[in-house]
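**Student:** Output the structure for:
(one chain, ligands or ions: 1)
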Amino acid sequence: MTSELADSPFLRACQRQAVPYTPVWYMRQAGRSLPEYRAVREGVPMLTACTRPDMVVEITMQPVRRYSVDAAIFFSDIVVPLRAIGVDLDIKPGVGPVVAAPIRDAADVRRLRPIEPGDVPYITEAIGALVKELGATPLIGFAGGPFTLASYLIEGGPSKNHERTKAMMYGEPELWNSLMDRLTDITLEWLRIQVGAGASAIQLFDSWVGAVAPEDYRTYVLPHSRRVFEGLADLDVPRIHFGVGTGELLRLMGEAGADVVGVDWRVSLDEAARRVDPGKALQGNLDPAVLFAPWEVVERRARDVLARGRTAEGHVFNLGHGVLPNTDPDQLTRLTEFVHEHSAR
Ligand code: 1CP
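**Tutor:** The predicted structure is shown next:
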């Protein structure tokens with residue numbers, strides 16, 4: 001890693017070091033709302049795009065060029081490693097991941113084999129090219145959290161209540177743990193491949209784990225997520241842990257071993273700072289829907305997020321969840337500029 005990259009505001013803030021201004025990036029900044037993304041993706045299925053290094057590089061770079069954000073997030077999807085080990089799944093436009101044969105029993109679990117670098121040469125190639133092009137801008141690698149991946153595999157697609165997932169978790173804990181063990185191994189290796197190729201931070205998106213109560217999280221999820229973070233400790237890159245609706249889980253998610261805890265918009269950052277143990281930076285947490293309000297409102301809300309973020313040991317500005325599909329990109333350009341200028345004062 002060059003010293004310029006190591007000194008980037010994003011990596012410094014993740015490590016709770018002093019920064020010249022608050023760094024900012026946006027979950028789901030690549031894709032979705034950008035016209036240049038829709039142009040590149042025209043006629044190319046999502047999972048095909050994820051295996052084409054030229055497209056991955058271009059789409060990852062688009063928000064960096066347009067918004068001047070302080071970090072890039074690798075263009076891929078949480079189900080790409082599952083597809084790479086042969087799970088029959090697709091990403092359906094307007095729906096999300098859909099699994100042909102959802103996991104029901106131990107034989108289904110045994111079919112989830114470990115992932116190896118040779119399964120995903122396009123990932124190593126795309127990240128290598130990106131790191132060159134990005135220079136001093138960090139690249140965030142990512143994976144889905146074990147609970148969130150398990151939910152797609154068990155439900156067969158997006159789910160509101162995760163009822164089959166919870167039925168297995170509560171009713172067949174041994175089967176559940178064997179599934180979570182395999183997903184943890186896959187996730188860990190998938191992240192190590194990305195860091196090995198040059199990603200300088202990672203984020204674990206356990207997006208739907210907010211559906212689980214704290215005591216159940218502690219029993220059925222935490223041991224697995226902890227194993228992911230512990231398995232990355234020797235790589236010396238900041239590890240971010242994010243989920244939606246996780247106000248009651250923030251302390252436990254920090255305990256799993258992350259350096260940075262991502263906070264959605266339902267809990268203010270000063271309250272989040274009280275909930276997590278010392279020694280963590282926070283990331284978040286402007287409500288993505290605020291970007292649909294007039295600019296004056298966005299500015300007032302962003303100012304509030306920055307003020308509350310100052311109570312944390314380190315703060316990376318972000319939205320409280322991903323950029324919504326109909327967001328006006330100019331609002332994000334303006335927001336990035338505002339966060340940089342306002343926090344530098
Ligand atoms: O055809 C298309 O354009 C597909 C839309 C799309 C895109 C652009 C999907 C389907 N995934 C992605 C890319 C993606 N997914 C990124 C790229 C980098 C970036 O952030 O800009 C990332 C980080 C993800 C991660 C992801 N995929 C998550 C975790 C983040 C989150 O939003 O909570 C989840 C839950 C998924 C599953 C998924 N993939 C796609 C959709 C629509 C969904 C969600 C479906 C659901 O609601 O359950």
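
**Student:** quick one: pLDDT of the residue in the stretch 1-150 of the chain positioned nearest to the ligand?
**Tutor:** Nearest residue of the stretch 1-150 of the chain to the ligand, counting by Cβ to the nearest ligand atom: residue 96, 2.5 Å away. For every residue, glycine as well, the C-beta is placed using N, CA and C. Here, the pLDDT recorded for residue 96 equals 96.

**Student:** so it bridges to which residues?
**Tutor:** residue 92 (DSSP bridges).

**Student:** can I assume it is in contact with residue 159?
**Tutor:** No. If you go by Cβ atoms under 8 Å, residue 96 and residue 159 don't touch, sitting 10.1 Å apart.

**Student:** shared neighbours of those two, which are they?
**Tutor:** Residues touching both residue 96 and residue 159 (Cβ atoms under 8 Å, 6 or more residues apart in numbering): none.

**Student:** all strands for the stretch 151-300 of the chain, in order.
**Tutor:** For the stretch 151-300 of the chain, the strands defined by DSSP state E, counting those that start in this stretch occupy 201-205, 239-242, 260-262, 281-286.

**Student:** Near the ligand, which residues of the stretch 1-150 of the chain are found?
**Tutor:** Residues of the stretch 1-150 of the chain found near the ligand (Cβ under 6 Å from any ligand atom) are 27-32, 46, 73, 75, 77-78, 91, 93, 96-97, 142, 148.

**Student:** change it to 8 Å
**Tutor:** When proximity is defined as Cβ under 8 Å from any ligand atom, the stretch 1-150 of the chain approaches the ligand at 26-32, 37, 41, 45-46, 49-50, 59-60, 63, 73-79, 91, 93-97, 142, 144, 148.

**Student:** Drop everything from these that is not in strands and list the rest.
**Tutor:** 73, 91, 96-97, 142, 144 (DSSP state E).

**Student:** Return the residues in contact with residue 82.
**Tutor:** 89, 112, 149, 153, 186.

**Student:** try 6 Å this time
**Tutor:** If a contact means Cβ atoms under 6 Å, 6 or more residues apart in numbering, then residue 82 has no contacts.

**Student:** Tell me the buried residues in the one helix or strand it maps to?
**Tutor:** For residue 82, the element it lies in under DSSP states H and E is helix 80-84. Within helix 80-84, the residues that count as buried by 16 or more other Cβ atoms under 10 Å are 80-84.

**Student:** okay if I get the residues you listed as a markdown table plus pLDDT?
**Tutor:** Conversion of the buried residues of helix 80-84 to a markdown table gives the following (pLDDT from 0 to 100):
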| residue | pLDDT |
| --- | --- |
| 80 | 98 |
| 81 | 98 |
| 82 | 98 |
| 83 | 98 |
| 84 | 98 |
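
**Student:** between those residues, which is closest to residue 133?
**Tutor:** Distance to residue 133, by Cβ to Cβ, is smallest for residue 80 among the buried residues of helix 80-84, at 20.6 Å.

**Student:** what's the burial count for the nearest residue to the closest one once chain neighbours are set aside?
**Tutor:** Sequence neighbours aside, residue 50 is the residue nearest to residue 80 in space, at 5.1 Å (criterion: Cβ to Cβ, 6 or more residues apart in numbering). Residues near residue 50, counting by other Cβ atoms under 10 Å, number 25.

**Student:** Quick check: residue 50 touching residue 76?
**Tutor:** Yes. Using Cβ atoms under 6 Å, residue 50 makes contact with residue 76 at a distance of 5.0 Å.

**Student:** Name the helix or strand for residue 140, please.
**Tutor:** Element membership for residue 140 (DSSP H and E) is strand 139-144.

**Student:** And that strand, what does it pack against?
**Tutor:** Packed against strand 139-144 by the contact rule (3 or more Cβ pairs under 6 Å, 6 or more residues apart in numbering; DSSP states H and E) you find helix 173-197, strand 201-205.

**Student:** Check the gap between residue 19 and residue 189 for me.
**Tutor:** Residue 19 sits 32 Å away from residue 189, going by Cβ to Cβ, to the nearest Å.

**Student:** one step back: ok, and what's touching the strand holding residue 140?
**Tutor:** Residues outside strand 139-144 that contact it (Cβ under 6 Å, 6+ apart): 71-74, 78, 130, 187, 190-191, 194, 199-205.

**Student:** now do stretch 157-164
**Tutor:** Stretch 157-164 is contacted by residues 96, 98, 151, 154-155, 211 when judged by Cβ under 6 Å, 6+ apart.

**Student:** Quick check: the two most widely separated of these?
**Tutor:** Pairwise distances across the contacts of stretch 157-164 peak at 19.4 Å for 98 and 211 (criterion: Cβ to Cβ).

**Student:** Which one's more surrounded, these two?
**Tutor:** residue 211 (22 against 17).

**Student:** Not counting its neighbours along the chain, what's nearest the more buried one?
**Tutor:** Closest residue in space to residue 211, ignoring its immediate chain neighbours: residue 162 at 5.1 Å, by Cβ to Cβ, 6+ apart.

**Student:** where does that neighbour land on pLDDT?
**Tutor:** 98.

**Student:** what about it, distance to residue 305?
**Tutor:** Taking Cβ to Cβ, one finds residue 162 at 29 Å from residue 305.

**Student:** Kindly compare burial across the helices and strands packed on strand 139-144 and name the winner.
**Tutor:** Of all the helices and strands packed on strand 139-144, strand 201-205 has the most neighbours on average by mean count of other Cβ atoms under 10 Å, namely a mean of 26.
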